[in-house]
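> here's a sequence, model it:
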Amino acid sequence: MIKQRLEAAGLSAERRPGLGSNVLFDALASGEVDIAVDYSGTLWANRMQRKDVPNRETMLGELSQWLATQHIKMIGPLGFENAYTLAMTKQKADAFKVHTIADLATHASGLSVAGDYEIFARPEWALLRSAYGLNFRTQRQMHPEFMYRAVSEGEVDVIAAYTSDGQISTYGLDVLADTKHAIPSYDAILLISPKRVGDEKLLAALKPLVDSINVAAIREANARASNGGDTPDSAARWLWERVGKKQ
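Numbers count the residues shown, from 1 in each chain. I've put the predicted structure just below:
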């Protein structure tokens, strides 16, 4: 959608998909990439090496200041959060009387959990395990597209899901409340490289996106792209049509 917005403003753009967060950040800092979307909690824990979990406003403020020391400009949050969360089928959650992660902790030793290829090595997982004393019977890594089906079909009991993923509603999963606020905020934030911070035409094209996309909109766009009905490009056009009307 960002590419489409830039082209509408008369700017050329090329996507660089498939970059992990650390690679993407380094590419942004070095100027190999001009614009990036990353998540506040990822940068907070992985790049700043912060272990505390402040409220959203404090985190965004301190993160913006730290990024400035790296000569990277945070244009602002896009309006939705894509946090890690633990999810189960409603049937299983009701059977175990599990509604929060604290409830889950009492059953975890007999349950299996699946996550993406990064989660179990990330600082956020260590924070979650420490806060709740989580110890699962087994841990499995799998591609995110497969883990939703795996939990719905009973191959695993719990998954480390993403709050903005449309498959949460597609599969009717229960998202377990993080009552201890162990998981940091994961606002999607729009970043621009040091060599582009003075590009007023680029900034003017991007600034209307700040706080323009709520989680319901991004979840619907993700569902459209992941359920086979739309391509990512057509889902992006749908999203642009939806949020562009506000601008």
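
> so what's residue 50 up against?
Counting by CB atoms under 8 Å, 6 or more residues apart in numbering, residue 50 makes contact with residue 44. C-beta: built from backbone N, CA, C; applies to glycine.

> tell me the pLDDT of it.
pLDDT for residue 50: 89.

> pull the contacting residues for the residue minimising distance to the centre of the chain.
For the chain, residue 82 is the residue whose C-alpha lies nearest the centre (CA atoms, centre = their mean; 2.9 Å). Under the criterion of CB under 8 Å, 6+ apart, the contact list for residue 82 reads 39, 162-165, 186, 188, 218.

> measure the residue lying closest to residue 144 once chain neighbours are set aside to residue 72 for me?
Among residues not flanking residue 144 along the chain, residue 116 sits closest, at 5.1 Å (CB to CB, 6 or more residues apart in numbering). Residue 116 is 25 Å from residue 72, where distance means CB to CB, to the nearest Å.

> buried set for the one helix or strand residue 63 maps to?
If you go by DSSP states H and E, residue 63 is part of helix 56-69. Buried positions in helix 56-69, judged by neighbour count with 16 or more other CB atoms under 10 Å: 59-60, 63-64, 66-67.

> next one: stretch 202-217
For stretch 202-217, the buried set under the neighbour-count rule, 16+ other CB under 10 Å, comprises 202, 205-206, 209, 212-213, 217.

> just stretch 87-105 next, same as before
Buried residues in stretch 87-105 (16+ other CB under 10 Å): 87-89, 92-93, 96, 98-99, 101-105.

> for residue 224, state which of these is nearest.
Using CB to CB, residue 87 comes nearest to residue 224 of the buried residues of stretch 87-105, at 20.2 Å.

> residues contacting that closest one?
Contacts of residue 87 by CB under 8 Å, 6+ apart are 151, 158-159, 161, 168, 173-176.

> rewinding a little: mind putting the buried residues of stretch 87-105 in CSV, pLDDT included?
Shown next, in CSV, are the buried residues of stretch 87-105 (pLDDT from 0 to 100):
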residue, pLDDT
87, 96
88, 96
89, 97
92, 96
93, 96
96, 95
98, 96
99, 94
101, 97
102, 96
103, 97
104, 97
105, 96
